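Peer 1: Attaching a predicted model along with its sequence, questions to come.
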Amino acid sequence: MTTNIPLEDPNAEISKSQRVYNFLRRRIRELKAPPGTPLRKNEIALECGVSRAPVSEAIARLAAEGLVDVFPQNGSFVSPIRPQDIRESLFIRQALEVEAVKRVTRDADPKLLKRLEANINAQADALDEEVLDLARYDDLDEALHAEIIAAIDSPRVQHLLETARVLLDRPRFLALPEHHRPEASYNEHRRLVEAIGTGDAELAGAAMRLHLTRVSDAIESKLAQIEETNDTRD
């Protein structure tokens, strides 16, 4: 076991389930478990140092989010990247995040701005590395957006956005290395944070819309490749 929490503690299995969920979602996001990969509960339980129960819970959660397909009697498999689902998620994300950043900008919380600036500095440091760690940079990207959404203090909006964002993990990660996308993304993030700092809600909304439009364009390029591959297989 990897924890000293007693087994009878009602929070123990929740903690382990979350840990397995994080482990599997990261592997799926980074395509270390590509579409079609079988998720064998015994192997995952052994790797994570848990029983099968939290593995089952984590897989059920991933299935509800659209990252895993469960076939009774046949097992669980990493879901394919479904272009229609991705496009719907892009639409939802832009609608929510543009309005969220406007509200955050109007509220003008100096502590939030300081956290966002620290994140931007960390992104700059990541880009200065001789070899870019894409997973680390993607974590910083996600954290920046999460800070903005958390600041509006709306659990329902956060849930809706997380539901949309989870399906975007893989295509975003696929698109990140393309055409100097990390550097472009950093510049868009920097302009976004600067816009929030001005207190001009419309300027911040426009900066977010531009950034997410460019993210969508990069993802669309990958979706076109996926659709072409699917057509060839058919």
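Peer 2: Happy to help now that I have it. Predicted, not measured: the structure shown is a model, and the values here were computed from it.
Peer 1: ok, the residue positioned nearest the centre of the chain to residue 53 distance?
Peer 2: Computing the C-alpha centroid of the chain and ranking residues by Cα atoms, centre = their mean puts residue 169 first, at 4.5 Å. Note on residue 169: its distance to residue 53, by Cβ to Cβ, to the nearest Å, is 25 Å. Every C-beta, even on glycine, is put in place using the N, C-alpha and C of the backbone.
Peer 1: Next: residue 121.
Peer 2: 42 Å.
Peer 1: Distance from the chain centre to the longest helix seen in the chain, please.
Peer 2: Secondary structure of the chain per DSSP state H: the longest helix is helix 201-233. Once both centres are worked out by Cα atoms, centre = their mean, to the nearest Å, helix 201-233 turns out to sit 15 Å from its chain's centre.
Peer 1: ok so, going back, hmm, residue 28 and the residue nearest to the centre of the chain touching each other?
Peer 2: Yes: between residue 169 and residue 28 there is a contact at 7.2 Å, judged by Cβ atoms under 8 Å.
Peer 1: Pull up the overlap in contacts between the two.
Peer 2: Residues touching both residue 169 and residue 28 by Cβ atoms under 8 Å, 6 or more residues apart in numbering: residue 67.
Peer 1: Domain parsing of the chain, as residue ranges.
Peer 2: Domain assignment of the chain by automatic domain parsing yields the ranges 12-78, 83-233.
Peer 1: Please tabulate the ones you listed in JSON lines and include mean pLDDT as additional columns.
Peer 2: Below are these laid out as JSON lines (pLDDT from 0 to 100):
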{"stretch": "domain 12-78", "mean pLDDT": "93"}
{"stretch": "domain 83-233", "mean pLDDT": "92"}
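Peer 1: Which residue is the nearest non-sequential neighbour of residue 51?
Peer 2: Leaving out its chain neighbours, the residue that sits closest to residue 51 by Cβ to Cβ, 6 or more residues apart in numbering is residue 45, at 6.0 Å.
Peer 1: re the thing from before, got a list of what the residue nearest to the centre of the chain touches?
Peer 2: 25, 28-29, 67.
Peer 1: From the chain's centroid, how far away is the helix or strand containing residue 54?
Peer 2: Here residue 54 sits within helix 52-64, counting by DSSP states H and E. Relative to its chain's centre, helix 52-64 lies at 18 Å (Cα atoms, centre = their mean).
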